[in-house]
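Participant: Generate coordinates for the sequence data below:
(3 chains)
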Amino acid sequence: MPVYTYRKEGKTVTEFAKEFNRKKRELFARYYGFLNPPQQEAVATVNGPLLVLAGAGSGKTTVLVNRIGNIILFGNAWQSEELPDDAEQLYPQMLEAERGSRAGIRSVLEQMAVDPARPWRVLCITFTNKAANEFKERLQTLLGERARDIWAGTFHSVCVRILRRHIGLLGYPTNFTIYDTDDVKKVIAAIMKRRHMDEKILSPKAVMGLISRYKDKSYTPEEMLMDAGKDTRIIKSAEVYAEYQRELKQSGALDFDDIIMLTETLFREHPAVLEQYRNQFDYVLVDEFQDTNPSQNRLVAMLGGGKENVCVVGDDDQSIYSFRGATVENILQFDHTFPRAKIVRLEQNYRSTGHILNAANAVIKHNKGRKGKNLWTKAGEGELIHVHRPMTQGEEALAIVGEIRKQVNAGKRKYGDFAVLYRMTALSNNIEQTFVKHRIPYRICGGLRFNERREIKDVLSYLSVVNNPADNVRLRRIINVPKRAIGDTTLLKLETIAGREGMSLFEVASNADGYSEMGKAAGKLKEFARLIDSMREFGETHSLTATVEYVLQSSGYMRFLAEEANADGDTEHEREQNVKEFLSTVKMFEETAEEPTLASFLEEMALVSDLDELEEGQDAVTMMTVHSAKGLEFPVVFLVGFEDGLFPGMQALMEGSEEEERRLAYVAITRAKEALYIYHCESRMLYGRTDLRSASRFLGEIPEEDCEKSYKNPSRRSDYTREAVTFSRPASPAGGQSVFEAGDRIKHPFFGAGEILTAQNMGGDMLYEIAFDSGSTKRIMGSFAKLTKE
DNA sequence: AGCTAAAATGTTTTT
DNA sequence: CATTTTAGCT
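Facilitator: Predicted structure coming up:
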């Protein structure tokens, strides 16, 4: 015990300690002065379980970032009552710092840190990879390079990282393949066909959904069967599930659900492994907790179980993924899992203006069984919510164009301020086409993804087989592409033998001459197997990019694409361009990834979403589904198709999941910062059918006084007058992502700097002809090339 | 085996 | 409506 000089001033140690801690808290409050009191509490509560109920726009991200920063910089200093040994020396510094800068306060606080965590001891689980990267970036300004070492990612990416190390314990290969929904569907359909199940009665998609729902709860096929009762659909599906799981394991493949489920299995069956990670992670944080499924919830309980330094953040009103097995129970029962849990509510909204917030509150109030909260704001009333009733979806799109044009031309807004949100991707078409026609620059999220294009999937399949030859699904995809005279008959024989011998298709193909029934096809099969082997051998001694190039050439796939393009008269050679663009993705990955291996590249390709790749900075209107918009905000939001049967959707109304649709509406409304435009058409054509439609029931839940309707009565007769659409010279050179024209200097991630020779509009996308400084001239689609101004 | 033309099929939302 | 799947033909 040091002898405190303050004792000379007549203070006892206890008195001094009290004063020291009071001063310490004052400094903390000063340092985190930009946060409101509940936010500060969330940041300061470092040890022990914590549930943060964060309403929309309540500064949730700021809290999470600063909480992690606090954990790493100051540790448990705020909560701790213990006096540091050098408290005596610190105290005058504290008094000094109090009058000084933020940096000064920070440095004193750092000296008072109690058990600050090393970055790699912090696990932060986010909903998207994009969110994880944003966290890391924001933390970098707070922590510097250390921020890189934080374990931040989605449940899936974190679990894959763990599984890569330990999945051998479960009898899977470490180079496992990750199957996407497409692959899964193929396997399920094949199994059902083999079992002579009638697709009319039970579709592969339905079976897939049922299995997935059970996997979300980590049920085994046996457990699913037990749970099925007399429901034959579930019984049948459980049977398929058993076979499906065997088949995936044999192929060394995991589906999205397996990634979570098997991690849980790993931890349960190998407690030593769980112990290792429990020890490693001093702190566990989970964002968007309302959208976790039971398996994920158990993982959190497992990983955080020891130290109980678990912080989950979420909003039960924004739970919108129950169709994917997420359950709001996880958040409602968090204090059941962790009885010591402290609960912090963030209810002050910093995002939206008054009328928008009123509308959101009013709508969500109709839901039963919520934790209950009411968002409030200090911001003014703002604009009324603009409600319009166009006759058709054509007018709906034109009205949006008119509004955007008007506000951009007036200099009031830029394109990037606007977002168009819709319930279904199918609704994006009208809008997109109208945008192209009227030269409104936009970026679209969802729908056709780059790596879902046929040629990209083919190339990825080659790479998957090279990485994991046991991968039967991917092998089947490319064994005869380009044509190698390995047809259905040969494939069927191959499958029969493989099934009989318990071998993979590749193994059988490698030894095809050992089976007399293969006949003359044996040579072809062996040749194919040798080809794959040569690719793998090449990969062992060459870089990733070189290997991919080798695969493209030796497989004959590039030549195949070229011939196909010529035959189709496709002078643009679009597919080839896409593959070249893919190659630049590979190159970029190789340059930036921590571990530039084929396995980790394939992993990244499997786990990134197009939301992750949505590039910021371009001045363009954003178009996305309401689901994708979760966590985002925009100054102006256009909500289209706000009609009964669409939003809430037909299916939802039938199934009685109206409350989830209402939450979705709540999410949509709360994306808007300053202005919200709601559209519902009198008639809409969807899937070739035109129907009369009435406004969403949720619209009626928004108070009249918060709205400004362009029509007076609820009748179908239109008194809507079309917005004046000015056909003036467009402010932007083209639609789509394009912001370049001939003569512009640009930079390409793969090919380097260059100059645009020509730019032509191709159905909403831009085709650029670019002369690169390296001497080559290339044609590149605007939507794939991540071109930047030089 | 491979092509064309007709039929089916989708009507959520996605890691 | 637009795309994908399948049947039926050569």
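
Participant: going forward, measure contacts between C-alpha atoms and count neighbours the same way
Facilitator: Fine.

Participant: list the contacts for the closest residue to DNA strand B within the stretch 501-650 of chain A?
Facilitator: As assessed by Cα to the nearest atom of the strand, DNA strand B sits closest to A:Ser609 within the stretch 501-650 of chain A, at 4.1 Å. A:Ser609 is in contact with A:Thr128, A:Asn129, counting by Cα atoms under 8 Å, 6 or more residues apart in numbering.

Participant: What parts of the stretch 101-250 of chain A come near DNA strand B?
Facilitator: Within the stretch 101-250 of chain A, the positions adjacent to DNA strand B are A:Phe127, A:Thr128, A:Asn129, A:Thr154, A:Phe155, A:His156, A:Ser157, A:Thr181, A:Lys200 by Cα under 7 Å from any atom of the strand.

Participant: Oh, that last question was meant for the stretch 651-790 of chain A, not what I typed.
Facilitator: A:Gln651, A:Ala652, A:Tyr687, A:Gly688.

Participant: Of the residues you listed, which belong to helices?
Facilitator: Counted as lying in helices by DSSP state H, out of those, are A:Gln651, A:Ala652.

Participant: what mean pLDDT does stretch A:563-581 have?
Facilitator: Mean per-residue pLDDT for stretch A:563-581: 78.

Participant: same thing with stretch A:255-269?
Facilitator: 96.

Participant: Tell me the buried residues in it?
Facilitator: The neighbour-count check on stretch A:255-269 (16 or more other Cα atoms under 10 Å) flags A:255-267 as buried.

Participant: ditto for stretch A:120-140
Facilitator: For stretch A:120-140, by 16+ other Cα under 10 Å, it's A:120-133, A:135-139.

Participant: just stretch A:95-106 next, same as before
Facilitator: By 16+ other Cα under 10 Å, the buried positions in stretch A:95-106 come out as A:Ala97, A:Glu98, A:Gly104, A:Ile105, A:Arg106.

Participant: and the closest residue to DNA strand C within chain A, what pLDDT?
Facilitator: Relative to DNA strand C, the nearest point of chain A is A:Gly688 (3.7 Å; Cα to the nearest atom of the strand). At A:Gly688, the model reports a pLDDT of 81.

Participant: where in chain A is pLDDT low?
Facilitator: Counting by pLDDT under 70, chain A shows low-confidence ranges at A:1-10, A:447-448, A:568-570, A:610-617, A:713-739, A:749-751, A:758, A:760-767, A:769, A:774-786.

Participant: what does stretch A:162-175 rub up against?
Facilitator: With contacts defined as Cα under 8 Å, 6+ apart, stretch A:162-175 is touched by A:Lys249, A:Gly252, A:Ile259, A:Thr263, A:Leu266, A:Val273, A:Asn467, A:Asn468, A:Ala599.

Participant: Convert it to PDB, retaining C-alpha atoms only.
Facilitator: Taking Å, rounded to 0.1, in the frame of the first residue of the first chain, the C-alpha atoms of stretch A:162-175 are listed here in PDB:
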ATOM      1  CA  ILE A 162     -12.600 -22.400 -36.800                       C
ATOM      2  CA  LEU A 163     -13.700 -25.400 -38.800                       C
ATOM      3  CA  ARG A 164     -10.700 -25.100 -41.200                       C
ATOM      4  CA  ARG A 165      -8.500 -25.900 -38.200                       C
ATOM      5  CA  HIS A 166     -10.500 -28.600 -36.500                       C
ATOM      6  CA  ILE A 167     -13.000 -30.200 -38.800                       C
ATOM      7  CA  GLY A 168     -10.800 -33.200 -39.200                       C
ATOM      8  CA  LEU A 169     -12.100 -34.300 -35.800                       C
ATOM      9  CA  LEU A 170     -15.500 -34.700 -37.400                       C
ATOM     10  CA  GLY A 171     -14.300 -36.700 -40.300                       C
ATOM     11  CA  TYR A 172     -14.500 -34.000 -42.900                       C
ATOM     12  CA  PRO A 173     -11.500 -32.900 -45.000                       C
ATOM     13  CA  THR A 174      -9.900 -29.500 -44.100                       C
ATOM     14  CA  ASN A 175     -10.200 -28.400 -47.700                       C
END
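
Participant: And it, what's buried?
Facilitator: Residues of stretch A:162-175 classed as buried: A:Ile162, A:Leu163, A:Arg164, A:His166, A:Ile167, A:Tyr172, A:Pro173, A:Thr174, A:Asn175 (neighbour count, 16+ other Cα under 10 Å).

Participant: Would you format those as a markdown table with secondary structure included?
Facilitator: Formatted as a markdown table, the buried residues of stretch A:162-175 follow (DSSP: H, G, I helix; E, B strand; the rest coil):
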| residue | secondary structure |
| --- | --- |
| A:Ile162 | helix |
| A:Leu163 | helix |
| A:Arg164 | helix |
| A:His166 | helix |
| A:Ile167 | helix |
| A:Tyr172 | coil |
| A:Pro173 | coil |
| A:Thr174 | coil |
| A:Asn175 | coil |
